[in-house]
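> quick one, what's the 3D model for this:
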Amino acid sequence: VSVLYWMSRISKPPSTSGSASTRNAQAQGNPRVFMEITADRRVVGRVEMELYADAVPKTAENFRALCTGEKTNANGKKLTYKGCPFHRVIPGFMLQGGDFTRGDGTGGESIYGRTFRDESFKGKAGRHTGLGCLSMANAGPNTNGSQFFICTASTPWLDGKHV
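As a prediction, this is how the structure comes out:
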């Protein structure tokens, strides 16, 4: 079984000729990022995500900055998802990654320090509606760091627990 890795960087702004959801995201000013997924050092695909900065600005900025790798921590270490593995993959549920400090799900760090508080579970930011839903993984309330997961199915039992 191949371990998946990704490279992350901010994507170009969506074109105005795109779908209604793309145009709507652009009108609202929500950033979009993409990850190039690799397996056995070969690019196997790209995932593009809209970050809900209009609903959870601090969370969106954390994820965006970790995608671009533009920030460093207090020790000068670059904070980035580039080369970080998906350490947990559960078919029919989700894949989890973002632990760039240990790579096994026990580490990670936000651009604000080790962790940061939950912002809001209201509206679209707190709903886990299905395939492609992006959320921050956490160890309980107010423990967001760098780990995240992407749902591969509807997961309503996570509503109100993960942004």
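> please tell me how far the closest residue in space to residue 66 that isn't next to it in sequence sits from residue 68.
Nearest residue to residue 66, sequence neighbours excluded (Cβ to Cβ, 6 or more residues apart in numbering): residue 81, at 5.2 Å. For the C-beta atoms, the positions are set from N, CA and C on the backbone; glycine is no exception. Per Cβ to Cβ, to the nearest Å, residue 81 is found 9 Å from residue 68.
> show me which of the two is the more surrounded one.
The neighbour count for residue 81 versus residue 68, taken as other Cβ atoms under 10 Å, is higher for residue 81 (23 against 16).
> what's the helix or strand containing residue 66 packed up against?
Taking DSSP states H and E as the definition, one finds residue 66 inside helix 57-68. Counting contacts by 3 or more Cβ pairs under 8 Å, 6 or more residues apart in numbering; DSSP states H and E, helix 57-68 packs against strand 4-10, strand 32-39, strand 134-136.
> do I have it right that residue 112 meets residue 62?
Yes: using Cβ atoms under 8 Å, residue 112 is in contact with residue 62, at 6.7 Å.
> and the angle from the helix holding residue 66 to strand 32-39?
Orientation of helix 57-68 against strand 32-39 (axes from the mean of the first three to the mean of the last three Cα atoms, to 10 degrees) gives an angle of 40 degrees.
> tell me the mean pLDDT for the helix or strand that helix 57-68 is followed by?
Using DSSP H and E, the helix or strand that follows helix 57-68 towards the C-terminus is strand 71-72. Average pLDDT, strand 71-72: 96.
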